[in-house]
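got a predicted model here, sequence first, then my questions.
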Amino acid sequence: MLRILLPLALLIPAAAQAETIYVSNEKGNSITVIDGATLAVTATWPVGRRARGIQISNDGKFLYLCASDDNAVQVIDTATGKVVADLPSGEDPEQIGLSPDGKTLFATNERDNILTAIDIATRAVLFQVPVGEEPEGVAVSPDGKTAVSTSETDSAIDWVDIASKKVIAETPVGDRPRHVEFTRDGRFLWASSEIGGNVAIIDTATHKIVKTIEFKIDNVFQDKVLPVGIRFTPDQKLAVVALGRADHIAIVDVASAKVLSYVPVGRRVWHVGIGTGGSGEGTRVFTANGLSDNVSVVDIASPKVVATIPAGRAPWGVAIRP
């Protein structure tokens with residue numbers, strides 16, 4: 001391990017020292033904190049039960065974490081690692097989306113079948129919107145006007161107009177949609193379908209699918225290819241898709257929607273984060289490997305795994321503070 005980590009630490013610019021990676025551990029009820037320069041674990045923070053969706057505040061001072069079995073979104077001080085508040089999220093919060101101004105948090109509630117909007121400053125529920133059954137993924141459009149959630153049971157995306165607090169459209173997608181990401185310009189939404197085995201690219205103006213990305217990995221059974229987390233590089237040229245029990249990530253060219261490469265990582269990769277390595281550009285992928293209890297670090301240029309970092313039990317989500 002040292003033969004891998006030490007050269008990396010020497011090559012990464014000093015600015016990378018500010019980059020910190022936070023990994024939620026679903027069965028460990030904890031967050032693993034990783035230093036981006038040394039790739040060493042610097043802390044393990046105890047949190048609520050069944051730690052899943054994780055998001056960092058716009059100013060980097062707080063983490064928002066879905067403690068699903070505690071029916072709360074926890075607010076964690078990144079300076080101390082202490083839980084400073086429990087936000088009233090509804091039952092079984094799964095994932096988190098933030099408004100562009102960072103003032104409003106949206107959480108999907110799997111048992112309630114609702115999307116909850118929470119005012120972060122007052123820690124009060126602003127409104128709740130009934131959505132499809134078993135909502136999990138959530139994202140807010142770059143203009144702050146629309147929130148979307150994925151309905152696993154209905155195999156659909158619900159589009160919520162934030163001003164009117166109503167579902168205004170529904171887009172059928174593949175079986176068991178898990179995660180959604182808007183492109184930075186807001187023109188498209190990428191939605192992964194775990195059982196469907198694909199990612200749909202949806203035109204946000206029409207709510208229609210314009211492209212579908214399929215995945216096929218040599219020597220991997222197709223029923224193991226289960227797309228979940230999606231993240232774009234800062235320049236929006238590449239997308240990284242976690243492929244679940246296929247134990248791979250896919251690196252996708254955004255313009256063409258073509259898979260450029262598959263990279264083997266740890267077991268049951270659930271979600272990913274994109275690190276810059278101090279360059280300001282997406283250079284590294286950090287994968288939450290739920291069945292191998294570790295994090296793979298993938299150099300995007302190679303592309304290959306350059307380090308493996310131990311985490312807590314059942315890593316689930318990744319958030320990165322630049």
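In hand now; what should we look at? Owing to the predicted nature of the structure, the values given are computational and were not obtained by experimental measurement.

give me the contact list for stretch 126-133.
Outside stretch 126-133, the residues that touch it by C-beta atoms under 8 Å, 6 or more residues apart in numbering are 90, 104, 108, 112-119, 149-154, 156, 158, 160, 165-167, 170. (Glycine included, C-beta is placed from N, CA and C.)

buried stuff in that stretch?
By neighbour count on 16 or more other C-beta atoms under 10 Å, the buried set for stretch 126-133 is 128-129, 131-132.

got it, and stretch 301-315?
303, 305-309, 311-312, 314-315.

so T44 bridges to which residues?
Beta bridges link T44 to T32, judged by DSSP bridges.

swap in S193?
Following DSSP bridges, S193 is listed with bridge partners P177, N198.

so which of the buried residues of stretch 301-315 belong to helices?
Among those, DSSP state H puts none in helices.

and which of these is nearest S141?
Among the buried residues of stretch 301-315, P315 lies closest to S141 (C-beta to C-beta), at 28.4 Å.

is it true that that closest one touches N289?
Yes. Using C-beta atoms under 8 Å, P315 is in contact with N289, at 5.9 Å.

who touches both of the two?
Taking C-beta under 8 Å, 6+ apart as the contact rule, P315 and N289 both touch 270, 295.

these two touch, right, G277 and L39?
No. G277 is beyond contact range of L39, at 10.4 Å (criterion: C-beta under 8 Å).

SS state for E91?
Here E91 is recorded as coil under DSSP: H, G, I helix; E, B strand; the rest coil.

so where do the helices sit in this structure?
For the chain, the helices defined by DSSP H occupy 2-11.

quick check: domain ranges of it?
1-46+225-322, 60-72+87-214 (automatic domain parsing).

average pLDDT for the last one?
Going back to what we said before, that points to domain 60-72+87-214. In this model, domain 60-72+87-214 has a mean pLDDT of 97.

endpoint to endpoint, it covers what distance?
Start-to-end span of domain 60-72+87-214 (C-alpha to C-alpha, to the nearest Å) is 35 Å.

same check on stretch 166-180?
Stretch 166-180 stretches 19 Å from its first residue to its last (C-alpha to C-alpha).

pull out the buried positions in it.
Buried-residue list, stretch 166-180, by 16+ other C-beta under 10 Å: 167, 169, 171, 173-174, 176-180.
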